[in-house]
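In: the following comprises the amino acid sequence and a computationally predicted model.
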Amino acid sequence: MSGGWIFTKAAGVEHDEAHVAGVLGDMLFQDEEMPRAEAFVSIFGARWQVVEDFLWQLATERGLDEAVGVQLDGIGDILDESRGGLTDDQYRLFLRAKILVLKSRGRVGELINILLVLEYTAIVVRETPPAHMEIEVCDVTLARETDRVLRLAKAGGVGLTFIYSQYSEFEIFQASGTYAAEEYDVATGAGSVYDAATGGYSAGCYR
């Protein structure tokens, strides 16, 4: 694809405003009788154009780190990523993730990078044939939003099971730091409360 580049403001690159024309020009077979093929290829050119326009705007007009409030909402409009009920700090993370989503080809490494951008550190990925993967993440506070982003980034036709815990990797299945036999509630059993009433964390994983 013509015009592809990794952006650094100091690199002296220019804003390519013709990605659609570029990909059409790069087609191996060009024929006036191939409107469907041209339309299909144009979709990818338009997708890259959105990403480049956004990156250029960030570099020249408003940085994502400095944007707040309605400025962030405007960036979200460009990326087609609504805020929902997210705070500014949370929204910035998901806007960065959406940039990676728009460039994603569904590779495992790309999905891991998206999770790292969202500031998750305890990540486990298992690939199971013929076309399925399980992703485990700990210390998740925005599970629904994270799951949605991963599903947008994965390759079409690939199944995804998102397994997450609201606790850190060091807290899952952790025994209570205090013990009092008379406090242990047999009726309650082993739950997800870190105290002597249940004996410690032994739940909290969701899929």
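Out: Yep, it's here.
In: would you map out the domains in this protein?
Out: What the TED database lists as the domains of the chain is 19-61, 105-206.
In: pop out the phi and psi values for residue 163.
Out: Per-residue torsions, residue 163: phi -110, psi 130 (degrees, to the nearest 10).
In: the domains of the chain: lowest mean pLDDT?
Out: Note on these: domain 19-61 shows the lowest mean pLDDT, a mean of 61.
In: where along the protein do the strands fall?
Out: Applying DSSP state E to the chain gives strands spanning 123-128, 132-137, 159-165, 205-206.
In: can you redo these as CSV with distance to residue 145 and mean neighbour count?
Out: For every residue, glycine as well, the C-beta is placed using N, CA and C. Shown next, in CSV, are these (distance: least, CB to CB, whole Å; neighbours: other CB atoms under 10 Å):
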stretch, distance to residue 145, mean neighbour count
strand 123-128, 16, 12
strand 132-137, 12, 18
strand 159-165, 11, 17
strand 205-206, 14, 13
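In: out of these, which comes closest to residue 81?
Out: Of all the strands of the chain, it is strand 159-165 that lies closest to residue 81, at 18.6 Å by CB to CB.
In: can you say which of the strands of the chain is nearest to residue 79?
Out: Across the strands of the chain, closest to residue 79 is strand 159-165 (CB to CB), at 21.5 Å.
In: quick one: list the elements packing against that closest one.
Out: Here strand 159-165 touches strand 132-137, helix 143-153, strand 205-206, going by 3 or more CB pairs under 8 Å, 6 or more residues apart in numbering; DSSP states H and E.
In: how about those in JSON lines, adding distance to residue 87?
Out: Shown next, in JSON lines, are the helices and strands packed on strand 159-165 (distance: least, CB to CB, whole Å):
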{"stretch": "strand 132-137", "distance to residue 87": "20"}
{"stretch": "helix 143-153", "distance to residue 87": "12"}
{"stretch": "strand 205-206", "distance to residue 87": "23"}
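In: and of the ones you listed, who's closest to residue 103?
Out: The nearest among the helices and strands packed on strand 159-165, by CB to CB, is helix 143-153 at 9.1 Å.
In: from residue 50, how far off is the closest residue to residue 164 other than its chain neighbours?
Out: Excluding the flanking residues, the one nearest residue 164 by CB to CB, 6 or more residues apart in numbering is residue 140, at 4.1 Å. Counting by CB to CB, to the nearest Å, the gap between residue 140 and residue 50 amounts to 28 Å.
In: have a look at those two and say which one is more surrounded.
Out: A direct count of neighbours by other CB atoms under 10 Å for residue 140 and residue 50 places residue 140 higher, at 22 against 15.
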